[in-house]
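In: Here's a sequence, model it:
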Amino acid sequence: MSSSTNLQLLLLLFILPVILSLPIPPSLESGNTYVEQKCKEYTFTDTDYALCVSSIKSDPRGSTLSNTIDMTLILRNVTLDRLSDTVAYVSKLNTDTADTNDKKILANVLQNYEKMRKDLESVSRVSIPEDRKDVYTAAGSAHVDARECMDQNRGLRGGPPPEMVTRGGELVHLSSVIVNAVFSLIQG
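Out: Residues are numbered from 1 along each chain as shown. Below is the predicted model of the structure:
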């Protein structure tokens, strides 16, 4: 062997273990590229995309996610958790307000959020192929309920509190991703 080949072999033996010991960047970890790809496919804006990715990665199973059914179920659970927090927030607003117009609006918002919760619960059947059209309809209804809540909030005197807009907006965006994910499963 030539001295040049020996030097190359020696360098390779020392450098290769160093390279192999480097951590894999998060975007290359198993599951993350899948999540990023699917979130990009199921969303229409950068805000929706970022919310989709962060919501899935907030679940311990999100880092190893590799199928749309599990992704849909994780998004459903995250959305239900955020919905529960939002309902508690709106209930407190309703309790704290003295304005009868605002009380009526907030009561309607709470009713729509309850319908949304029931619709989202049926998304758990997404793994059953023959139920997917019904699940798609329910997910679509949940999205409509979330949008109606955002529209009703505009009627509050002085406008809705910023936190209510943020919470409601997240529910609208997450529910739209669920609708798109379920639709992709139906399309096969």
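
In: Excluding sequence neighbours, find me the nearest residue to Arg76.
Out: Of all residues not flanking Arg76 in the chain, Val123 sits nearest, at 4.5 Å (Cβ to Cβ, 6 or more residues apart in numbering). Just so you know, the C-beta spots here come from the backbone N, C-alpha and C atoms, and that holds for glycine as well.

In: Compute the number of surrounding residues for the one you found.
Out: 25 (other Cβ atoms under 10 Å).

In: you'd agree it is up against Val182?
Out: Yes: contact criterion Cβ atoms under 8 Å: Val123 and Val182 qualify, at 7.2 Å.

In: which residues are in contact with stretch 163-181?
Out: Applying Cβ atoms under 8 Å, 6 or more residues apart in numbering, the contact partners of stretch 163-181 are 38-39, 41-44, 47-48, 51-52, 55, 68, 71-72, 75-76, 78-79, 82-83, 85-86, 89-90, 93, 116, 120, 123, 136, 139-140, 142-143, 146-147, 149-150, 153, 160.

In: buried residues in the longest helix seen in the chain?
Out: Among the segments of the chain that qualify as a helix by DSSP state H, the longest is helix 68-96. Neighbour counts over helix 68-96 (16 or more other Cβ atoms under 10 Å) mark 68, 70-80, 82-83, 86-87, 90, 93-94 as buried.

In: gap between the nearest residue to Pro161 once chain neighbours are set aside and Thr79?
Out: Nearest-residue entry for Pro161: Leu93, 7.1 Å, with adjacent residues in sequence omitted and distances by Cβ to Cβ, 6+ apart. Leu93 sits 20 Å away from Thr79, going by Cβ to Cβ, to the nearest Å.

In: Then Lys104?
Out: The value you get for Lys104 to Thr79, if Cβ to Cβ is used, is 26 Å.

In: residue ranges with poor pLDDT in the chain?
Out: 1-32 (pLDDT under 70).

In: For Leu65, grab the count of nearby residues.
Out: Leu65 has 19 neighbours, counted by other Cβ under 10 Å.

In: ok, it touching Lys57?
Out: No: with contact defined as Cβ under 8 Å, Leu65 does not count as touching Lys57 (9.0 Å).

In: anything in contact with each of these two?
Out: The contact sets of Leu65 and Lys57 overlap at Val35 (Cβ under 8 Å, 6+ apart).

In: Could I get the CA-only coordinates of the helix or strand hosting Lys103 as PDB?
Out: Secondary structure assignment for Lys103, by DSSP states H and E: helix 100-121. C-alpha atoms of helix 100-121 as PDB (Å, rounded to 0.1, in the frame of the first residue of the first chain):
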ATOM      1  CA  THR A 100     -76.600  40.300  29.300                       C
ATOM      2  CA  ASN A 101     -75.700  40.500  25.600                       C
ATOM      3  CA  ASP A 102     -72.200  39.100  26.300                       C
ATOM      4  CA  LYS A 103     -73.600  36.400  28.600                       C
ATOM      5  CA  LYS A 104     -75.900  35.200  25.800                       C
ATOM      6  CA  ILE A 105     -73.100  35.200  23.200                       C
ATOM      7  CA  LEU A 106     -70.700  33.400  25.600                       C
ATOM      8  CA  ALA A 107     -73.500  30.800  26.300                       C
ATOM      9  CA  ASN A 108     -73.800  30.200  22.600                       C
ATOM     10  CA  VAL A 109     -70.100  29.900  22.200                       C
ATOM     11  CA  LEU A 110     -70.000  27.300  25.000                       C
ATOM     12  CA  GLN A 111     -72.900  25.300  23.300                       C
ATOM     13  CA  ASN A 112     -70.900  25.300  20.000                       C
ATOM     14  CA  TYR A 113     -67.800  24.200  21.800                       C
ATOM     15  CA  GLU A 114     -69.800  21.300  23.300                       C
ATOM     16  CA  LYS A 115     -70.900  20.200  19.900                       C
ATOM     17  CA  MET A 116     -67.300  20.500  18.700                       C
ATOM     18  CA  ARG A 117     -66.200  18.200  21.600                       C
ATOM     19  CA  LYS A 118     -68.800  15.600  20.600                       C
ATOM     20  CA  ASP A 119     -67.700  15.700  17.000                       C
ATOM     21  CA  LEU A 120     -64.100  15.400  17.900                       C
ATOM     22  CA  GLU A 121     -64.700  12.400  20.100                       C
END
